[in-house]
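Undergrad: predicted model and sequence below, questions to follow.
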Amino acid sequence: MKYLSAYSEQTLSQVRQVMDQGRLGEVLLQRYPKAHEIRNDRALYDYVQDLRNEFLRNAAPIDKVAFDSKIHVINHALGLHTSVSRVQGGKLKAKHEIRVATMFREVPLEFLRMIAVHELAHVKEKQHDKAFYKLCTYMEPNYHQYEFDTRLYLTHLDASGSRLW
């Protein structure tokens, strides 16, 4: 339940009840019956670029997008956005990279979209504040639901050790 610690006691109680019945995996499979088809870094890059072009046309370009096996969900990181600044001649250039935990290669598209939207929002908003979450919900109106369901999936993985997709 560590992934759900920020939620209300009422919500946690409902999740515990479903878990006690052994139905958490079943509930998630009902909501999200199949995994996405984005399996390699190139496809992930194209997917994130499409989101960027649709919602953040004026934002800085994304130089690299990749699945990363070194990101550990245990540390509550689902993805990472990094910005590296370099001096080139008389100019300061920033290079933006997005990395997504490898385990998200085989999940529903909604989970991957939530992570991509979250990391893209960091290009414009660095802090997790009201403006950041407003931007996330602009890009994905169901952002908070998908985030919750992703956390449910991580809770299922902790409890059962088995993947659903």
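TA: Noted; the coordinates are in hand.
Undergrad: buried residues in the worst-scoring helix or strand of the chain on mean pLDDT, which are they?
TA: Lowest by mean pLDDT, DSSP states H and E among the helices and strands of the chain is strand 79-88, with a mean of 79. Residues 79-81 are the ones in strand 79-88 that count as buried (16 or more other C-beta atoms under 10 Å). Heads up, the C-betas are built off the backbone N, CA and C, glycines and all.
Undergrad: not counting its neighbours along the chain, what's nearest the residue nearest the centre of the chain?
TA: Ranked by distance to the mean C-alpha position of the chain (C-alpha atoms, centre = their mean), the top residue is I115 at 1.7 Å. Spatial nearest neighbour of I115, excluding adjacent residues (C-beta to C-beta, 6 or more residues apart in numbering): G79 at 4.4 Å.
Undergrad: I'd say the one you found and A101 touch.
TA: Yes: at 6.4 Å, G79 counts as touching A101 under the criterion of C-beta atoms under 8 Å.
Undergrad: give me the common contacts of these two.
TA: With contacts defined as C-beta atoms under 8 Å, 6 or more residues apart in numbering, the residues shared by G79 and A101 are 71, 115.
Undergrad: about what we covered before: dihedrals phi and psi, the residue nearest to the centre of the chain?
TA: Main-chain dihedrals, I115, degrees, to the nearest 10: phi -70, psi -40.
Undergrad: could you double-check that it lies in contact with V100?
TA: Yes: assessed by C-beta under 8 Å, I115 is found in contact with V100 at 5.5 Å.
Undergrad: overlap in contacts of these two?
TA: Here I115 and V100 share the contacting residues 78-79, scored by C-beta under 8 Å, 6+ apart.
Undergrad: quick check: longest helix in this protein by residues?
TA: Secondary structure of the chain per DSSP state H: the longest helix is helix 143-160.
Undergrad: how far does that one sit from its chain's centre?
TA: Chain-centre distance of helix 143-160: 11 Å, with C-alpha atoms, centre = their mean, to the nearest Å.
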